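Engineer: predicted model, plus sequence, below.
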Protein chains: 2
Amino acid sequence: MDRRQEILQSATKSFTLFGYKATTIEQVAKIANVGKGTVYTFFVNKEELFQEVVLNLIDEMKRETDKSIDFNASFMHNAHTALMKMLQFRERHLLFAKLVEEEKELRTPAVKQMLLEIEREIISYISARIQMGIEKDEIIDCNKELVSYMLFKTYLAFIVDWQSTHEEPLKEEDILALFKETIFRGLAKK
Amino acid sequence: MDRRQEILQSATKSFTLFGYKATTIEQVAKIANVGKGTVYTFFVNKEELFQEVVLNLIDEMKRETDKSIDFNASFMHNAHTALMKMLQFRERHLLFAKLVEEEKELRTPAVKQMLLEIEREIISYISARIQMGIEKDEIIDCNKELVSYMLFKTYLAFIVDWQSTHEEPLKEEDILALFKETIFRGLAKK
DNA sequence: AGATGACCGAAATGGTTTTCTGGTCATTTT
DNA sequence: AAAATGACCAGAAAACCATTTCGGTCATCT
């Protein structure tokens, strides 16, 4: 495998395991079996390496989600499977969870910025799907900006916040059912 | 006014303005025009003074909300007015916003605990209202625990989080409309 | 020409001293 | 006598400084 890929992979591993700050370039280089300087021939600095790692993950999620969407099926059905997919991603989201935590306690600016980027990215993705639903006349003509924001925040609340007040994490089917019973049901036309 | 009230009022002002940690007992005493020792004849310690301040605010909110509820009107209508009331409380919620912030950056245990208390309190309040709606057969038989949690978190997201990514705060009517279009609409029976 | 690791300065860390503040209580005030 | 007070104390937080760590560079090596 080419060196760039090698480095990217090591970086992903390290960021996921230790977070942004606790990951050192030297560490990444060692895992990738290259010298420290080599990292800098492919990435201008730590921040951009980080960015690339995160962007890669987002892309993967988008691709996966897109793949699970059936453009002939109903909005409801697709929303269901997409959300399900997301939920099953939970472990993969470990990096995100790690970052959220790091941002909360270390206040690393690079992390905060990246987290905002992720938020923007995901919300715009959801927004586009909602737009399609509206155009297909399957859901009511709502403020898609706000609805996306709401879906995103609600999802996060259940995945991340819930644990901090409750012993055991929510079961996927419960989250799914709740979304269907409330927001999705409310959005459905008729 | 009696000294106890005086102190309570100064404390509220100070906590709201500066947060928990940055509020000193001496400061509170000075504003209330009493000696420091006097504070301790009415409240066992800083934490309990804080608790009383917060509990007062919650109580006030509950009373206000209850007052605005018409037990003969529909769930939808009441949910609307209650939410409206909450939104108009926004400035009063300054304390809560301040506390959320403080908890995020200072990790004050007393604050974290109080925040959880507030969450519990509010969610149980919402939960009770939903139960009523279910009993009156006005809304679907949902998981009231989860729905309350969702409503609470969504509300917070719009009131607190939104500002951090967007320039101007959301307009009350937009938030209201969104809740009606989505969650409330979804909950409504048929 | 591309890779490397010793090297540099800025930033983080840890340990020590100083300052601050919650809480007490002997004294004063009413 | 009962209530109020502020000087005082101990422990927590802040400020300070010495030392280490780590992102980034570049002269050297392959």
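Structural biologist: Yes, it's here. Numbering: from 1, shown residues only, chains lettered A, B, ... in the order given.

Engineer: list the contacts for the nearest residue to A:L146 once chain neighbours are set aside?
Structural biologist: Closest residue to A:L146 apart from its sequence neighbours, by Cβ to Cβ, 6 or more residues apart in numbering or on different chains: B:L178 at 5.0 Å. Placement of C-beta: from N, CA and C, glycine included. By Cβ atoms under 8 Å, 6 or more residues apart in numbering or on different chains, the contact set of B:L178 is A:C142, A:N143, A:L146, A:V147, A:M150, B:F158.

Engineer: quick check: the gap between B:L178 and B:L87.
Structural biologist: 12 Å (Cβ to Cβ, to the nearest Å).

Engineer: ok, now A:E105?
Structural biologist: A:E105 sits 31 Å away from B:L87, taking Cβ to Cβ as the criterion.

Engineer: now chain A against DNA strand C: closest residue?
Structural biologist: A:G37 (1.9 Å; Cβ to the nearest atom of the strand).

Engineer: that residue sits in which helix or strand?
Structural biologist: Here A:G37 sits within helix A:36-42, counting by DSSP states H and E.

Engineer: isn't A:V34 up against A:Q5?
Structural biologist: No: the criterion here is Cβ atoms under 8 Å, and A:V34 misses it with A:Q5 at 11.4 Å.

Engineer: can you pull the residues of chain A lying near DNA strand C?
Structural biologist: Applying Cβ under 7 Å from any atom of the strand, we find that chain A lies next to DNA strand C at A:R3, A:K21, A:V34, A:G35, A:K36, A:G37, A:T38, A:Y40, A:T41.

Engineer: same thing but 10 Å
Structural biologist: Residues of chain A lying close to DNA strand C (Cβ under 10 Å from any atom of the strand) are A:2-4, A:6-7, A:21-22, A:25-26, A:29-30, A:32-42, A:106-109.

Engineer: which residue is nearest the centroid of chain A?
Structural biologist: Geometric centre of chain A, nearest residue: A:I58, 5.7 Å, by Cα atoms, centre = their mean.

Engineer: from chain B, how far out is that one?
Structural biologist: Remark: distance between A:I58 and chain B (Cβ to the nearest Cβ, to the nearest Å) = 17 Å.

Engineer: the helix or strand bottoming out on mean pLDDT in chain A vs helix B:94-106, what angle?
Structural biologist: Within chain A, no helix or strand scores below helix A:94-106, which has a mean of 82 by mean pLDDT, DSSP states H and E. If you take axes from the mean of the first three to the mean of the last three Cα atoms, to 10 degrees, helix A:94-106 sits at 100 degrees to helix B:94-106.

Engineer: which residues touch helix A:94-106?
Structural biologist: A:12, A:15-16, A:19-21, A:54, A:57, A:108, A:111-112, A:114-115, A:118, A:159-160, B:104, B:107.

Engineer: ok, now stretch A:151-160?
Structural biologist: A:83, A:86-87, A:90, A:93, A:97, A:100, A:119, A:122-123, A:126, A:170, A:175, A:178-179, A:183, B:149-150, B:153-154, B:157, B:161.

Engineer: whichever of these end up buried, select them in ChimeraX.
Structural biologist: This is the ChimeraX syntax for the buried subset of those, where burial follows 16 or more other Cβ atoms under 10 Å in any protein chain shown:
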select /A:83,86,87,93,97,100,119,122,123,126,170,175,178,179,183 /B:149,150,153,154,157,161
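
Engineer: can you flag which of the contacts of stretch A:151-160 belong to helices?
Structural biologist: A:83, A:86-87, A:97, A:100, A:119, A:122-123, A:126, A:175, A:178-179, B:149-150, B:153-154 (DSSP state H).

Engineer: lowest pLDDT pick from those?
Structural biologist: Minimum pLDDT for those is recorded at A:L87 (76).

Engineer: gap between it and A:G35?
Structural biologist: Distance of A:L87 to A:G35, given as Cβ to Cβ: 41 Å.

Engineer: so what's whatever residue of chain A ends up closest to chain B up against?
Structural biologist: For chain A, the residue closest to chain B is A:G186, as judged by Cβ to the nearest Cβ, at 3.1 Å. By Cβ under 8 Å, 6+ apart, A:G186 lies in contact with B:E181, B:T182, B:I183, B:F184, B:R185, B:G186, B:L187.
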